[in-house]
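Engineer: Got a predicted model here, sequence first, then my questions.
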Amino acid sequence: MLYLNNRPVDVTIFPDNTSQVWKIPNLPELQQLKLVEIKWGFTSEGEIAHLGQLKMLLHANLIRASLHLTYLPYGRQDKDIGNESTFALRNFAHAINALAFEYVEILDPHS
């Protein structure tokens, strides 16, 4: 679940199971802030799409954002394994870094 300045972010799920983050409440007030905080209480890896949409929506409205993760998905995988599996933590980190948050804070990174 995503939270923007401690308010839940609504996600619309369409019949084809795609989703959309839009219509951020209190947009004018958020635009007056120097920085907003997105908290991600990870429940599924599909939420990365919602996070990306939210970040791009904020960026389009000239709102800078930080990210607070309460849990680091794939945090226990700290190295390449081999041809039998991917390095999921590296892929996840690349996706988060590509969103260009002002900073990212992780409560429980594990390793």
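Structural biologist: Thanks, I have the structure now.
Engineer: Pull the distance from the helix or strand containing Met56 to the chain's centre.
Structural biologist: Using DSSP states H and E, Met56 falls within helix 47-60. Offset of helix 47-60 from its chain centre (CA atoms, centre = their mean, to the nearest Å): 7 Å.
Engineer: and if you look at stretch 94-107?
Structural biologist: For stretch 94-107, the distance to the chain centre is 8 Å (CA atoms, centre = their mean).
Engineer: Quick one: end-to-end distance for that stretch.
Structural biologist: With CA to CA, to the nearest Å as the measure, stretch 94-107 spans 19 Å from end to end.
Engineer: Could I get the average pLDDT for it?
Structural biologist: What stretch 94-107 shows for mean pLDDT is 95.
Engineer: Any buried residues in it, and which?
Structural biologist: Neighbour-count burial for stretch 94-107, counted by 16 or more other CB atoms under 10 Å, picks out Ile96, Leu99, Phe101, Val104. In short, each C-beta sits where N, CA and C put it, glycine included.
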